[in-house]
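Asker: Everything below, folded, please.
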Amino acid sequence: MECSLEGKVALITGATSELGQALTLHLEGLVKAVAIHYYSQHEKALELARKLKKKNLQSDIFSADLSHPGAGQKLVREVEKRLGKIDILINNFGPILVKPWEELTREEIESIWQQNVLSTWEIIGAVLPAMREKKWGRIVNLGYSRVEELTAYSTILPYAMAKTSLLILTRTVARSEAPFGITVNMVSPGLLEDGELPSSFKVPMGRLGRVEEVAPAVRFLISEDAAYITGANLVVAGGWKL
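Answerer: Okay, the predicted model is just below:
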């Protein structure tokens with residue numbers, strides 16, 4: 001698979017999570033530089049940057065609290081200032097809250113919505129003008145494997161609502177930006193090792209997924225091989241919930 005993106009700069013939000021680190025490290029040999037976003041895990045961000053340096057991949061770390069309106073736009077401007085541009089955006093940041101729906105507070109729902117949907121909407125809006133001008137861009141949003149199922153979610157209601165909304169956002173932006181050579185897709189992982197697990201589950205492949213198995217899907221969608229794919233939701237779940 002030919003997927004060289006020589007000279008491109010990628011921004012990965014939530015890069016210090018287990019999945020975020022795998023996504024970042026899979027950019028080795030693919031792009032020119034990586035912007036590592038984190039909130040509070042400064043040492044993890046520094047360690048990730050050191051790993052990239054050993055792989056001869058330029059990087060820089062950027063702290064931003066995406067639970068606050070406006071933080072996403074400020075993050076984009078800072079990355080552009082220090083790394084020159086953003087060609088590839090991977091929106092990995094998006095916390096989950098496990099709690100019975102009837103016990104949720106308004107503040108908890110608003111927080112999950114802000115961090116999963118509004119911050120992503122804000123960041124996408126901030127990177128699009130430059131991508132349109134260059135007639136090229138790649139945006140990948142991280143969902144979860146049941147994002148297209150309109151069903152009941154008694155313990156992860158805000159997260160499920162947010163990720164389904166994120167899929168609608170993904171497809172809306174994909175349609176509007178296609179004439180500019182910008183692709184917008186979603187990768188939706190299933191149950192992962194060390195992740196949040198339901199009380200009972202059965203994965204057809206007989207095991208949980210690994211973050212290293214999600215990263216290649218993202219790598220493919222930002223590559224030139226996927227230049228004609230936009231608005232897609234690629235599920236990486238081992239057949240769970242089929």
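Asker: Distance check, A174 against V184.
Answerer: For A174, the distance to V184 (CB to CB, to the nearest Å) stands at 4 Å. C-betas here are computed from N, CA, C, even on glycine.
Asker: Looking at these two, which is more packed in?
Answerer: Set side by side, A174 and V184 give different neighbour counts by other CB atoms under 10 Å, the larger being at V184 (27 against 19).
Asker: same for the lengthiest strand in the chain, what does it pack against?
Answerer: Secondary structure of the chain read by DSSP state E shows that its longest strand is strand 182-189. When contacts are defined as 3 or more CB pairs under 8 Å, 6 or more residues apart in numbering; DSSP states H and E, strand 182-189 packs onto helix 119-134, strand 137-142, helix 157-177, helix 211-222, strand 233-236.
Asker: any weak-confidence spans in this protein?
Answerer: Counting by pLDDT under 70, the chain has low-confidence residues at 1-4, 199.
Asker: Between the two ends of stretch 179-194, how far is it?
Answerer: Between the start and the finish of stretch 179-194 there is a gap of 40 Å, counting by CA to CA, to the nearest Å.
Asker: meant to ask about stretch 19-38, not that
Answerer: Counting by CA to CA, the length from the leading to the trailing residue of stretch 19-38 is 13 Å.
Asker: ok, now stretch 81-88?
Answerer: With CA to CA as the measure, the ends of stretch 81-88 fall 16 Å from one another.
Asker: Any idea how far it is from the middle of the chain?
Answerer: The gap between where stretch 81-88 is centred and where its chain is centred comes out at 17 Å by CA atoms, centre = their mean, to the nearest Å.
Asker: What residues of it count as buried?
Answerer: Counting neighbours by 16 or more other CB atoms under 10 Å, one finds that the buried residues in stretch 81-88 are 83, 85-88.
Asker: Which ones among those lie within strands?
Answerer: Counting by DSSP E, these contribute I88 to strands.
Asker: Serialize the buried residues of stretch 81-88 to CSV and add fields for distance to S111.
Answerer: Formatted as CSV, the entries for the buried residues of stretch 81-88 read as follows, by distance: CB to CB, whole Å:
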residue, distance to S111
L83, 29
K85, 31
I86, 26
D87, 30
I88, 27
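Asker: which of the buried residues of stretch 81-88 lies closest to L25?
Answerer: I88 (14.9 Å; CB to CB).
Asker: In this structure the closest one contacts K134, no?
Answerer: No - with contact defined as CB atoms under 8 Å, I88 and K134 do not form a contacting pair (11.8 Å).
Asker: State the number of residues packed around M161.
Answerer: The criterion is other CB under 10 Å. On that basis, M161 has 16 neighbouring residues.
Asker: likewise the one 4 residues further on?
Answerer: Around S165 there are 17 other residues, counting by other CB under 10 Å.
Asker: Which residue, neighbours along the chain excluded, lies closest to A33?
Answerer: Taking CB to CB, 6 or more residues apart in numbering, and ignoring the residues beside it in sequence, A33 has Q58 as its nearest neighbour in space, at 4.0 Å.
Asker: That neighbour: how many residues sit nearby?
Answerer: Residues contacting Q58 under the criterion other CB under 10 Å number 14.
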